[in-house]
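[1] just coords:
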């Protein structure tokens with residue numbers, strides 16, 4: 001059964017959370033991440049029961065896009081099959097996986113802040 005996806009902007013840290021529910025398909029990922037339009041995304045898949053292979057490929061594509069812009073994609077899931085499917089599709093990028101949404105948000109906000117801070121040489 002197809003799930004639903006929603007995108008919520010988080011007002012602290014400048015991150016975007018996209019939560020997907022049920023059986024995640026490619027349309028949910030593309031629509032949600034396009035609506036996010038952000039460099040720091042937390043993809044909350046804690047309520048995802050499965051992820052279609054095309055959706056995992058879309059997640060990998062989002063990962064490559066945000067990394068090329070200096071952003072982060074943090075994925076929250078405790079379902080081994082969901083994680084394995086995304087890892088299998090994301091051979092050329094390394095999304096960060098978390099079991100806890102708080103840890104994912106902290107990592108994303110820290111990366112965003114580091115990107116905004118000028119580096120001294």
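    Everything's here; your move. Values in this document were obtained by computation on a predicted structure and should not be read as measured data.

[2] mind listing the helices for this protein?
    Secondary structure of the chain, counting by DSSP state H: helices at 26-36, 53-68, 80-89, 101-116.

[3] for this structure, where's the lowest mean pLDDT among helices and strands?
    strand 5-9 (a mean of 52; mean pLDDT, DSSP states H and E).

[4] tally of neighbours for the residue nearest to residue 93 when sequence neighbours are not counted?
    In this structure, residue 93 finds its nearest non-sequential neighbour in residue 63, 4.2 Å apart by C-beta to C-beta, 6 or more residues apart in numbering. Heads up, the C-betas are built off the backbone N, CA and C, glycines and all. Per other C-beta atoms under 10 Å, the neighbour tally for residue 63 reads 25.

[5] Then residue 48?
    23.

[6] I'd say the residue nearest to residue 93 and residue 74 touch.
    No: contact criterion C-beta atoms under 8 Å: residue 63 and residue 74 do not qualify, at 10.2 Å.

[7] shared neighbours, the two?
    residue 95 (C-beta atoms under 8 Å, 6 or more residues apart in numbering).

[8] Against residue 18, how distant is residue 83?
    Per C-beta to C-beta, to the nearest Å, residue 83 is found 16 Å from residue 18.

[9] Equivalent analysis for residue 111, please.
    17 Å.

[10] who has more neighbours, those two?
    Counted by other C-beta under 10 Å, residue 111 and residue 18 do not tie: residue 18 has more neighbours, with 23 against 19.

[11] Quick check: closest non-adjacent residue to the more buried one.
    residue 32 is the one closest to residue 18 (C-beta to C-beta, 6+ apart), at 4.3 Å.

[12] and what of residue 75?
    Residue 75's closest residue in space is residue 43 (C-beta to C-beta, 6+ apart), at 4.7 Å.

[13] Report the contact partners of the one you found.
    Taking C-beta under 8 Å, 6+ apart, one finds 18, 20, 33, 59, 62, 73-76 in contact with residue 43.

[14] how does it look with 10 Å?
    Going by C-beta atoms under 10 Å, 6 or more residues apart in numbering, residue 43 touches 5, 16-20, 24, 29, 32-33, 36, 59, 62-63, 73-77, 86, 95, 97, 104.
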